[in-house]
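[1] here is a sequence with its predicted model. Questions after.
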Amino acid sequence: MDRLYQLLQNRIEGSVATPDEFHPAQLTNFGNLFQGTPRLVVSPVSARDVAATVAFAREKRLSVSTRGAGHSQSRIAISDGGILLSMSSMGRILSVDRSAKTVDVEGGVVWRDLVRHLAPHALAPPVLTNNLGVTVGGTLSIAGIGVASFKYGTQGDNVRELDVVTGTGEMVTCSRERRADLFWGTIAGLGQTGVITRARLDLRPTKPMTRTYYLLYHDLASFLEDAKAAMDGGRFDALESWASPCPQGLKPVGGRRQPFARWFFPVHLTVEYGPGHPPDDAKLLRGLKPFERLYTDDIPTLDFFERMTPVFDLWKRGNTWRHVHAWIESVLPWERAVDCVESVLPDLPPSILVGGHVLLWPAKGNSSESRLFMRPPGEDLLGFGVLPAVPPRFWEQARPMLENLGRLTEVMGGKRYLSGYIDWDEEGWRQHFGEQWEPFCALKRTYDPDSILNPGFVPFPAARPTGATAAG
Amino acid sequence: MPLDFGTPEWARALAGAINASSEYRNSGASWGVGFNGNILFVFESGGPLDRTLHLLVRLEGGACPGAEFVPGPSHPDAGFTLRAPFPVWREVLTGKMLAATAILTGRMRVEGNTITLLKHAGAHRSLIHCVSSLDTRFPGA
């Protein structure tokens, strides 16, 4: 038995696990690219537990890696030789304030549980990620983007207040008005300044039903033109789009015949509505010029929030959930979007849709205040995500193409979304954060002076603690 | 019978290989249309290559009107120039490294509009394949 086990267990109310008790899933993350065996896994039940764990780690010169649902793909949410803080044990919804339209939750709350809890109140968080099986603390640490981000920004923009345990073990309440540096350093801060133990989230009123218009575009430029009109008009509550391949056969690529596709662009535009007030289809769709209007779907709003669950279930049943996920997600400047996407799609095999997809999400750059959620300048932006599930045996073959794709979006002026696969050196990180890099480093020095929180991902110019290796 | 890299015969053979390639005809159909698509490839001395070589490949609409080794360091007919040390070119031409990787990581330098070049990555990949498909005796081989 590890001598540290009992010492830490004596200090916290939650549980401490040793390697013989670890679940295999705790040794990697959704990316299935990096593995690590923590020395201890801690399941805290309170902020006090988290603070005690961080203080213990600091004392024993161990690293602390936080893990929500482990949906990240790079060297994050895993630990090799340090303490893995499994936040799913802090999954309580604490209180709903209907008049203030806020909810207080613990950091390990899963968005799906929150959405279901709020549905009877006709309230919901303004922005929801496609995958609701991830945690509040996890997505706030990245930014949190969804189909309503063009209206409401990121999930991080819809937070009133946070309780954070910093790398010194201090429990701090922060907000836009109070300890704002820590607040904005924690939103999209990759867990580098502290552990989110409680969040007070904004809510918005919902209507019981949604209507979604399924539109299809056959060229990117006309899709973007209509997407901009849909965003600017304020007519829709959600906007979701993809690139979808229609296989055409085989063509020689580098001398070998490979499948290729003609790409189309499905767009789903959604509005919420109440009983007796169905949407005015003609008014909503006026001026839009799709190649084809395919379908109109009316479903309860809660089902709309959970619309991707059956897709993910299908991927799980197809076993692709266990494949390598090296998602390349970027936010592109609008004026470069066509060039970038059209240079990528011809090389993507249609099989990309087996357990994955190619996302396009038109967005507004000015909808977010977040300092560490990096995006290109400009009002209109296009999120572009190539989200494959690569069978492990093909990873080395796919890797250069995916890494080039990431670099290409950066050359085109894009900024990467950091929950995906990131392979940067220090210079890459410096370029990504630009003028925010030095402030980010300063926050790290202030709130995690011993660099014990989530090492191994962002290469801060600071010494790592003795006995801890990169979380990977 | 292998042709010696750097000779006029090799350059002519390359033009023939490009024009015979249906892959290039399709993927390069829009390359050089409305802009100067001629590329000057600069094989900088290094490794077994003892002098820098400059290869001008004329490209337009999926065809190659001609290819020749020319004096450097630049050429007025070139719309784009790709420069890299010979060992980097060897990796690209033998398929060990994608040309896009070499460009995006800075190991190959681009003179000309990089965005235009990257937009036509498929054309350049098939161009590289045409080079690779030639029976070539490279320096040091």
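    Received the coordinates, thanks. Note that this is a predicted model, so its numbers are computed, not measured.
[2] what about residue A:44, distance to residue A:451?
    Residue A:44 sits 21 Å away from residue A:451, taking CB to CB, to the nearest Å as the criterion. The C-beta positions use only the backbone N, C-alpha and C, and glycine is treated the same way.
[3] neighbour count for those two, which is higher?
    Regarding residue A:44 and residue A:451, a neighbour count based on other CB atoms under 10 Å in any protein chain shown identifies residue A:44 as having more, with 28 against 19.
[4] residue A:54 is in contact with the more buried one, correct?
    No. In terms of CB atoms under 8 Å, residue A:44 does not count as a neighbour of residue A:54; the distance is 10.0 Å.
[5] now do the SS call for the residue nearest the centre of chain B.
    Per CA atoms, centre = their mean, the C-alpha nearest to the average position across chain B is that of residue B:41, at 5.1 Å. With DSSP: H, G, I helix; E, B strand; the rest coil as the basis, the three-state label of residue B:41 is strand.
[6] now do it, the pLDDT please.
    At residue B:41 the predicted local confidence, pLDDT, stands at 96.
[7] and if you look at the one 4 residues further on?
    Here, the pLDDT recorded for residue B:45 equals 94.
[8] please apply the same query to residue B:98.
    The pLDDT attached to residue B:98 in the predicted structure is 85.
[9] gap between the residue nearest to the centre of chain B and chain A?
    18 Å (CB to the nearest CB, to the nearest Å).
[10] for that residue, give me its contacts.
    Listed by CB atoms under 8 Å, 6 or more residues apart in numbering or on different chains, the contact set of residue B:41 reads B:54, B:55, B:56, B:57, B:81, B:82, B:89.
[11] interface residues of chain B facing chain A?
    On the criterion CB under 8 Å from any CB of the partner chain, chain A has as its neighbours in chain B the residues B:22-23, B:26-27, B:95, B:97-98, B:100-101, B:104-105, B:114-115, B:118-122, B:125-126, B:128-129, B:132-133.
[12] what subset of the residues you listed is buried?
    A residue is treated as buried here by neighbour count (16 or more other CB atoms under 10 Å in any protein chain shown); on that basis the buried members of the residues of chain B next to chain A are B:23, B:27, B:97-98, B:100-101, B:104, B:115, B:118-122, B:125-126, B:128-129, B:133.
[13] which ones among these are found in helices?
    Counted as lying in helices by DSSP state H, out of those, are B:23, B:27, B:100-101, B:104, B:115, B:118-119, B:121-122, B:125-126, B:128-129, B:133.
[14] state the pair within those residues that is farthest apart.
    Maximum pairwise distance among these (CB to CB): 28.1 Å, between B:115 and B:133.
[15] how about residue B:112, nearest residue that isn't a chain neighbour?
    Once flanking residues are discounted, residue B:112 sits nearest to residue B:80: 3.5 Å by CB to CB, 6 or more residues apart in numbering or on different chains.
[16] what do you get for residue A:210?
    Here the nearest residue to residue A:210 in space, its sequence neighbours aside, is residue A:304; by CB to CB, 6+ apart that works out to 4.2 Å.
[17] helix/strand/coil for the one you found?
    For residue A:304, the assignment made with three-state DSSP gives helix.
[18] which residues in chain B form strands?
    Across chain B, reading from the start of the chain, the strands by DSSP state E fall at B:3-4, B:39-44, B:53-60, B:63-70, B:80-85, B:109-111, B:136-137.
[19] which strands and helices sit next to the fifth one?
    It stands for strand B:80-85. Helices and strands touching strand B:80-85, as assessed by 3 or more CB pairs under 8 Å, 6 or more residues apart in numbering or on different chains; DSSP states H and E, comprise strand B:39-44, strand B:109-111.
[20] partner strands of the longest one, with direction?
    Within its sheet, strand B:39-44 is paired with strand B:53-60 (antiparallel), strand B:80-85 (parallel), according to DSSP bridges.
[21] among these, which is nearest residue A:399?
    For residue A:399, the closest of the strands paired with strand B:39-44 is strand B:80-85, at 21.5 Å, according to CB to CB.
[22] that closest one - what's its average pLDDT?
    96.
[23] using CSV, list the CA coordinates for it.
    Taking C-alpha atoms only, strand B:80-85 is exported to CSV below (Å, rounded to 0.1, in the frame of the first residue of the first chain):
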residue,chain,number,x,y,z
PHE,B,80,6.2,30.7,-56.9
THR,B,81,9.5,29.5,-55.6
LEU,B,82,9.9,26.6,-53.2
ARG,B,83,13.3,26.4,-51.5
ALA,B,84,14.6,23.7,-49.2
PRO,B,85,17.9,21.9,-48.5
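[24] and that strand, how far out from the chain's middle?
    9 Å (CA atoms, centre = their mean, to the nearest Å).
[25] all the helices of chain A, in order from the start?
    Using DSSP H, the helices of chain A run over residues A:3-9, A:47-60, A:111-118, A:136-142, A:149-152, A:180-186, A:220-232, A:281-285, A:301-305, A:309-317, A:334-344, A:395-411, A:426-433, A:437-447.
[26] for residue A:180, grab the count of nearby residues.
    Other residues near residue A:180 number 12, with proximity taken as other CB under 10 Å.
[27] please name the residues that touch the closest residue to chain B within the stretch 301-450 of chain A.
    Of all residues in the stretch 301-450 of chain A, residue A:407 sits closest to chain B, at 3.9 Å by CB to the nearest CB. Residues in contact with residue A:407 (CB under 8 Å, 6+ apart) are B:104, B:105.
[28] mind checking pLDDT for the residue nearest to residue A:210?
    Model confidence at residue A:304, expressed as pLDDT, equals 98.
[29] which residues are in contact with it?
    Counting by CB under 8 Å, 6+ apart, the residues that residue A:304 touches are A:210, A:212, A:238, A:270.
[30] now tabulate the residues you listed in JSON lines and tack on neighbour count.
    Formatted as JSON lines, the entries for the contacts of residue A:304 read as follows, by neighbours: other CB atoms under 10 Å in any protein chain shown:
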{"residue": "A:210", "neighbour count": "23"}
{"residue": "A:212", "neighbour count": "20"}
{"residue": "A:238", "neighbour count": "22"}
{"residue": "A:270", "neighbour count": "21"}
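[31] name the residues of stretch A:446-455 that come out as buried.
    Burial within stretch A:446-455, assessed by neighbour count using 16+ other CB under 10 Å, is assigned to A:447, A:448, A:450, A:451, A:452, A:453, A:454, A:455.
[32] residues in contact with the second one?
    Contacts here follow CB under 8 Å, 6+ apart; on that basis residue A:448 touches A:166, A:167, A:168, A:192, A:193, A:194.
[33] surely the last one and residue A:181 touch.
    No. In this structure, residue A:194 is not within contact of residue A:181 by CB under 8 Å, at 11.6 Å.
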